[in-house]
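1. Need the 3D shape of this:
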Amino acid sequence: MGEISFLCRPSRSKGICFAENPLDSPFSRLMAQIILFNLTSRLLYRILKPLGQTKFVCNLLGGIILGPSVIGQNKVFRNQLYGTNEEIPLFRVIPVIGVLYSIFLISVKFDPHLIKKTAQRSWKIGALTFLFPSIIFLYPITQVRILDSFYAPNFLILLTGILSWSMSFFPVITEALYELNLMTSELGQLATSSAILNDAALWFLVFLNMAVSSQGIPVLLSTVGLLLFTVYVLRPLMQIIVKKTPQGEQVQEIYIVGILLGVLVMTFVTDAIGLVYNLGPLLLGLIIPDGPPLGSTLTAKTEFLVSEFLMPVLFSHIGNDVDVFLIDDWTRFAKLQIIIVALFVTKIVGVTLAGLCCKISMRHSLVLSMVMSMKGIIEVMMYHRLMTFKMIDGQFFTQLILSALVITMIVTPIVHFSYTPQKQLQRSTRYSQARNIQSLPNSSSSGTFQILCCVHSEESARSIITFLEASNPTNSSPICTYIVHLVDLVGSSAPQLTPYKKKKFRRLDSPSHQMMRAFENYSENSKGPVTIHPYTMVAPCKSMHEFIFRLAREKLVPLIIIPFVGNHDQTIGGASTSIVSQLNRNLQAFSQCTIGILVEKGLPCRASSVSNFSYVVAVFFIGGPDDREALAYVSRMVDNPDVDIMVFRILVQANKTENIEEREREFELDESLLDEFKLRNAGNERLKWRDILVDDGVEVVNAIKNLQGMYDLVMVGRRHVDLSFGDEEMAGLLHYPELGVIGDMLASSDFCGGMVNVLVMQESRSLSCGTLYN
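-> The predicted model follows:
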């Protein structure tokens, strides 16, 4: 009768109005667990994030705090929150579903082609990461039998749990790097590719062991059949879905629902034929094309539910099984802890040695070894599965989880505070020197001029093409342009920078194809020689500048042009305007070359074609390194017979008493460049010059407003020391700090009705003199 009463018990309570405790029902208790865990983990993340900790650490720590190790020691709290043992199986269903969809999303984001592209340069680190600590400890663990005192029915399983500390899993490393904003850094790319090799070798061994040791030939044939069905039936279906989806639109809802249900179907099939149940979601995710449209849509619609609802239940469940009071055999505890620490140290040594072999500095090799030693959800799932199937006891499980948590809490802040993404792994005077336009010869017969141009959309491509034609490409000074199409990283876990010609684009109507085709057409029809090197960059917006810097360093580019996206609907793969604006500010803050932000208004010029080209450029020169960069670039434009130049020299007569020596030095540099420019262009009828004297910054703004005209492009520097107004009301008028005071005003509707393109230049901060412009 007791069993019948339990089975017939309602899943929800009538409520406190009927004198019933809501926490007596499994449903209400589950909701309370999710709410309480989310609040706890979010609070921990708010506190620990400034210290360099990741969400994984805060989630796991939150589960442990709510578990029997801390608050759960209170019997009243534990009984109210977790209930009796008979009701726990209901609670265990949701964490399993969370694991399935988490594995599915990880495999959807995985790019198999990255293995081939990075294996050659990262195999040393990937191999030594696992082999060095494993080989060193294989003999004492197996021969000396120092683990004989541990509870484990299968010594091979016990060995696997121990040696997991020498592994580095791709999803774990990727998630940590993304949170630390290191995904696109050189260190992040090397760590990611090394972890991929680790994962590939590990899954091969797992599959081989599963095929030959489970149930022999039937399991092997079932596995082969499942693989053939996945590759030759499901994969073509996914490709058909991608082809049927119009460019720029999301996949239909029916396909998304079908694929998400397919995760559960694949799980049922793999479990039914005797395989590991999580192999089904993994295989299904791997055959789905990463990125847009299918991979990105699945990620956008599923990731939030998995990460914010299902995974918190998993961490709460794991924390409920971690009990520090189960540790009672301190001899066994000491043995295992010595092995874990020794494996950690040998892994640090092995990765560091591999980094030194790859000619990486000692400091960066140590940081890389810390990254490869991070632990995450894969290890936690592995340990929990071993305990669930009674392969290890509670003490062993608790010690493994706590060790993973403590080591990750130690190495993550070290990586966060000791590695700067802007620094190169290998020192090179050729790549590390800051570059600007002024350092180049200022004539049109000075050799190849290199520019890196970033594009978001077809509108920005049209404006950049017009700008390149106005830049006067000649046979004696051709232009070499690196065109980078920026795509936000959604539905993929591995950032990429690939040459356009090496990538097979099946959609001829795609925006990327049309943009690159427009640049190729321009290169073929330009009046002067213009070479186009197109690239596609897929990376997170918040760290996309790292890839841009790396390409600029390799090509020794003195100027990067990037479109401004503040006042219209241009975005990077759907990323918000604020995120894209942050990209521009990151470029200005850390670049080793000059940055030009191009504010385009959809009216690139009045000419209808390159053969009928005319262009009017206005330059406002107030003074400072940024204005000098603008004038240095105009020195190239001025030789173009189809370009008219108007230079407005605005001299501020305000008497400043601070930083007098630096101001005098800047004034001398300004006058030297201006005198050289005037002398070189004496008698040029297409160049008009006008000097304007003003008393303060307010008069500068008023003077510029009175100089409106029929311009195609207005150029100005971003920073002006004499425009430090000191009035808080002027600061309130600055809508876009990345454009500066004058650039912000020129890009507004107050100047030429907002119908003129604006190019705001900023010299590298490392080249700016003194403290005036830093």
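2. Could you use CA atoms for every contact and neighbour count after this?
-> Fine.
3. separation between the most centrally placed residue in the chain and residue 32?
-> Closest to where the C-alpha atoms of the chain average out (CA atoms, centre = their mean) is residue 540, at 3.3 Å. The gap separating residue 540 from residue 32 is 35 Å, by CA to CA, to the nearest Å.
4. before we move on, the earlier item: I figured the residue nearest to the centre of the chain hits residue 497, correct?
-> No - counting by CA atoms under 8 Å, no contact exists between residue 540 and residue 497, whose distance comes to 11.9 Å.
5. Quote the end-to-end distance of stretch 320-336.
-> Per CA to CA, stretch 320-336 runs 22 Å from first to last residue.
6. Low-confidence regions, the stretch 51-200 of the chain specifically.
-> Along the stretch 51-200 of the chain, segments meeting pLDDT under 70 span 82-92, 110-124, 127, 130, 133-134, 136-164, 184, 200.
7. Tell me which stretches of it form helices.
-> 55-66, 75-82, 88-109, 113-142, 155-163, 170-179, 186-213 (DSSP state H, counting those that start in this stretch).
8. next one: the stretch 551-700 of the chain
-> 577-590, 625-637, 660-680, 697-705.
9. Skip ahead from the last one and say which helix or strand is next.
-> Tracing the chain C-terminally past helix 697-705 and defining elements by DSSP states H and E, one meets strand 713-717 next.
10. CA atoms of that following strand as CSV?
-> C-alpha atoms of strand 713-717 as CSV (Å, rounded to 0.1, in the frame of the first residue of the first chain):
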residue,chain,number,x,y,z
LEU,A,713,34.6,62.8,-48.7
VAL,A,714,35.7,64.7,-45.6
MET,A,715,38.9,63.6,-43.7
VAL,A,716,39.9,64.6,-40.2
GLY,A,717,41.9,63.2,-37.3
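11. Run through who's touching that strand.
-> The contact list for strand 713-717 (CA atoms under 8 Å, 6 or more residues apart in numbering) reads 615-621, 624-630, 740, 742-743, 746, 756-762.
12. which ones are touching residue 34?
-> 309, 312, 313.
13. any idea of the angle whatever helix or strand it lives in forms with helix 88-109?
-> Secondary structure from DSSP H and E places residue 34 in helix 26-48. Put simply, helix 26-48 runs at 50 degrees to helix 88-109, going by axes from the mean of the first three to the mean of the last three CA atoms, to 10 degrees.
14. Can you list the buried residues in helix 26-48?
-> Counting neighbours by 16 or more other CA atoms under 10 Å, one finds that the buried residues in helix 26-48 are 26-30, 32-34, 36-38, 40-42, 44-45, 48.
15. you'd agree residue 528 is up against residue 480?
-> No - at 11.3 Å, residue 528 does not count as touching residue 480 under the criterion of CA under 8 Å.
16. Pretty sure residue 485 sits in a strand.
-> Yes - under DSSP: H, G, I helix; E, B strand; the rest coil, residue 485 falls within a strand.
17. quick one on the thing from earlier: which one of the contacts of residue 34 is nearest to residue 341?
-> residue 312 (28.7 Å; CA to CA).
18. Surely the closest one is in contact with residue 36?
-> No - at 9.9 Å, residue 312 does not count as touching residue 36 under the criterion of CA under 8 Å.
19. where's the closest residue to residue 681 other than its chain neighbours relative to residue 528, distance?
-> Among residues not flanking residue 681 along the chain, residue 687 sits closest, at 7.7 Å (CA to CA, 6 or more residues apart in numbering). Counting by CA to CA, the gap from residue 687 to residue 528 is 21 Å.
20. Kindly report the same for residue 55.
-> From residue 55 over to residue 528 (counting by CA to CA), the distance is 53 Å.
21. Spell out the residue ranges of the strands in this protein.
-> 449-455, 479-488, 496-499, 530-539, 559-563, 594-599, 615-621, 643-652, 687-694, 713-717, 757-762 (DSSP state E).
22. re earlier: residue contacts, the residue nearest to residue 681?
-> 638, 644, 645, 646, 647, 681.
23. what's the neighbour count on residue 473?
-> Residue 473: 26 surrounding residues under other CA atoms under 10 Å.
24. and it, what does it touch?
-> 444, 479, 527, 528, 529, 530.
25. Relative to residue 552, how far out is the fifth one?
-> Using CA to CA, residue 529 is found at 21 Å from residue 552.
26. quick one: low-confidence ranges for the stretch 251-400 of the chain?
-> Residue ranges of the stretch 251-400 of the chain with pLDDT under 70: 290-291.
27. swap the cut-off to 90 and go again
-> 251-257, 267-365, 368-369, 372-373, 375-397, 399-400 (pLDDT under 90).
28. ok, which stretches of it are helices?
-> Here the stretch 251-400 of the chain has its helices, by DSSP H, counting those that start in this stretch, at 253-272, 279-286, 294-305, 311-321, 330-357, 362-372, 377-388, 394-418.
29. could you say what helices and strands the first one packs with?
-> Which is helix 253-272. helix 88-109, helix 279-286 (3 or more CA pairs under 8 Å, 6 or more residues apart in numbering; DSSP states H and E).
30. tally of neighbours for residue 499?
-> 15.
31. Report the contact partners of it.
-> 533, 534, 535, 536.
32. quick check, nearest of the residues you listed to residue 398?
-> Nearest to residue 398 among the contacts of residue 499 is residue 536, at 46.0 Å by CA to CA.
33. Am I right that the closest one is in contact with residue 488?
-> No - look at residue 536 against residue 488 with CA under 8 Å: they stay out of range, at 10.7 Å.
34. now stretch 397-417: how far from the chain's centre is it?
-> Put simply, stretch 397-417 sits 23 Å off its chain's centre (CA atoms, centre = their mean, to the nearest Å).
35. Just the residues contacting it, thanks.
-> With CA under 8 Å, 6+ apart as the criterion, stretch 397-417 contacts 51-54, 57, 60-61, 180, 321-324, 326-327, 333, 340, 367, 370-371, 373-376, 380, 383-384, 387.
36. Would you write a PyMOL line that selects the buried entries of the residues you listed?
-> Selection command for PyMOL covering only the buried members of these, criterion 16+ other CA under 10 Å:
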select buried, resi 52+53+54+57+60+61+180+321+322+323+324+340+367+370+371+373+374+375+376+380+383+384+387
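37. Just the endpoints, please. Distance across stretch 176-193?
-> Start-to-end, stretch 176-193 (CA to CA) is 14 Å.
38. Please report how far residue 65 lies from residue 384.
-> 17 Å.
39. Sorry, wrong one. I was asking about residue 279.
-> Distance, residue 279 to residue 384, by CA to CA: 17 Å.
40. Over to residue 186?
-> From residue 186 across to residue 384, the span is 34 Å (CA to CA).
41. circling back to that earlier point, a markdown table for the contacts of residue 34, including distance to residue 288 and neighbour count?
-> Listed next are the contacts of residue 34 as a markdown table, based on distance: CA to CA, whole Å; neighbours: other CA atoms under 10 Å:
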| residue | distance to residue 288 | neighbour count |
| --- | --- | --- |
| 309 | 24 | 17 |
| 312 | 26 | 26 |
| 313 | 27 | 28 |
